[in-house]
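K.L.:
I would like the atomic coordinates for the input below:
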Amino acid sequence: MSLERLVSKYVSSAKHVLERIEVVESPVTVETEEVERIVGYARDYLMDAEYYTEKKKFEVSLTSVAYCEGLLDALRLLGAAKFEWPGSSNDAK
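P.N.:
Okay, here's the model as predicted:
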């Protein structure tokens with residue numbers, strides 16, 4: 001799979017999640033405002049990934065979308081957000 005196609009796949013998956021993410025009450029002591037702030041950072045990284053994709057800088061784009069996914073996965077693992085990655089079975093990506 002080409003780097004460009006890989007970036008496109010990851011950007012599409014992150015977009016899907018960010019459009020549907022649900023912030024939930026969590027047993028971890030994290031204020032909802034903090035969770036929302038982290039979701040905002042994930043959105044920013046996704047925007048960076050799309051920007052660098054347009055500029056054909058796929059390595060930077062892939063790194064940006066990977067950061068986005070890492071933040072989203074961390075929120076899910078903490079129990080602070082619920083979502084599924086497109087095409088996933090169970091909670092695995």
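K.L.:
any idea where the helices of the chain begin and end?
P.N.:
Here the chain has its helices, by DSSP state H, at 3-20, 32-54, 58-77.
K.L.:
can you list the ones you listed in TSV and add mean pLDDT, distance to S88 and mean neighbour count?
P.N.:
In this view, the C-beta of every residue, glycine as well, is placed from N, C-alpha and C. Compiled in TSV, those are given as follows (pLDDT from 0 to 100; distance: least, C-beta to C-beta, whole Å; neighbours: other C-beta atoms under 10 Å):
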stretch	mean pLDDT	distance to S88	mean neighbour count
helix 3-20	90	9	16
helix 32-54	96	17	16
helix 58-77	94	11	19
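K.L.:
can you tell which of those is closest to G87?
P.N.:
Proximity to G87 (C-beta to C-beta) singles out helix 3-20 among the helices of the chain, at 7.9 Å.
K.L.:
Show me what that closest one is packed against.
P.N.:
helix 32-54, helix 58-77 (3 or more C-beta pairs under 8 Å, 6 or more residues apart in numbering; DSSP states H and E).
K.L.:
what residue lies at the spatial centre of this structure?
P.N.:
Against the mean C-alpha coordinate of the chain, by C-alpha atoms, centre = their mean, the closest residue is E69 at 3.3 Å.
K.L.:
returning to that earlier point: could you dump the helices of the chain to CSV with distance to E84?
P.N.:
Converted to CSV, these look like this (distance: least, C-beta to C-beta, whole Å):
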stretch, distance to E84
helix 3-20, 8
helix 32-54, 16
helix 58-77, 9
